[in-house]
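A.B. asks: Sequence plus predicted model, see below.
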Amino acid sequence: LAMPQLYSVGTSGAYFNARVFWGWIANGFFHSLAVLFVPCLAGIDSIAHGAGLVAGFWCLGLTVYTGAILVVTLKLALDTRT
């Protein structure tokens, strides 16, 4: 605690308060809707393979999981300052 003025911003709630918290919750909710519904509406689960089999939930799940990883990685890249 050599420099207590550095901690005053955190204790006053300037950067993190209820409004900021609910903003991040809404942001995550809308990103999760996009990650789920974009592949669903694109028809990923109804794509037929060469053998005539339908891709099903495995392909849809892989696409949604890949989208979630991409969204998290891009959000971290945007929020990280160099």
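C.D. replies: Perfect, I can see it now.
A.B. asks: drop to CA atoms for contacts and neighbour counts, all remaining ones
C.D. replies: Noted.
A.B. asks: so what does the helix or strand harbouring Thr73 touch, helix or strand wise?
C.D. replies: Thr73 is part of helix 56-79 when elements are defined by DSSP states H and E. In terms of contacts (3 or more CA pairs under 8 Å, 6 or more residues apart in numbering; DSSP states H and E), helix 56-79 is packed against helix 18-42.
A.B. asks: helices and strands of the chain: which one bottoms out on pLDDT?
C.D. replies: Among the helices and strands of the chain, helix 8-12 carries the lowest confidence by mean pLDDT, DSSP states H and E, at a mean of 81.
A.B. asks: low-confidence ranges in the chain?
C.D. replies: Within the chain, the stretches with pLDDT under 70 are 1, 44-50, 82.
A.B. asks: quick revisit: then the helix holding Thr73 to PDB, C-alphas only?
C.D. replies: The C-alpha trace of helix 56-79 is given here as PDB (Å, rounded to 0.1, in the frame of the first residue of the first chain):
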ATOM      1  CA  GLY A  56     -27.000 -33.700 -37.400                       C
ATOM      2  CA  PHE A  57     -26.100 -32.400 -33.900                       C
ATOM      3  CA  TRP A  58     -22.500 -33.400 -34.000                       C
ATOM      4  CA  CYS A  59     -21.700 -31.000 -36.800                       C
ATOM      5  CA  LEU A  60     -23.900 -28.300 -35.300                       C
ATOM      6  CA  GLY A  61     -22.300 -28.700 -31.900                       C
ATOM      7  CA  LEU A  62     -18.800 -28.500 -33.400                       C
ATOM      8  CA  THR A  63     -19.800 -25.300 -35.300                       C
ATOM      9  CA  VAL A  64     -21.300 -23.700 -32.200                       C
ATOM     10  CA  TYR A  65     -18.200 -24.600 -30.100                       C
ATOM     11  CA  THR A  66     -15.900 -23.300 -32.700                       C
ATOM     12  CA  GLY A  67     -17.900 -20.100 -32.900                       C
ATOM     13  CA  ALA A  68     -17.700 -19.700 -29.100                       C
ATOM     14  CA  ILE A  69     -14.000 -20.200 -29.100                       C
ATOM     15  CA  LEU A  70     -13.600 -17.600 -31.900                       C
ATOM     16  CA  VAL A  71     -15.900 -15.100 -30.100                       C
ATOM     17  CA  VAL A  72     -14.000 -15.400 -26.800                       C
ATOM     18  CA  THR A  73     -10.600 -15.100 -28.600                       C
ATOM     19  CA  LEU A  74     -11.700 -12.000 -30.600                       C
ATOM     20  CA  LYS A  75     -13.200 -10.400 -27.500                       C
ATOM     21  CA  LEU A  76     -10.000 -11.000 -25.600                       C
ATOM     22  CA  ALA A  77      -7.900  -9.600 -28.500                       C
ATOM     23  CA  LEU A  78     -10.100  -6.400 -28.600                       C
ATOM     24  CA  ASP A  79     -10.000  -5.900 -24.800                       C
END
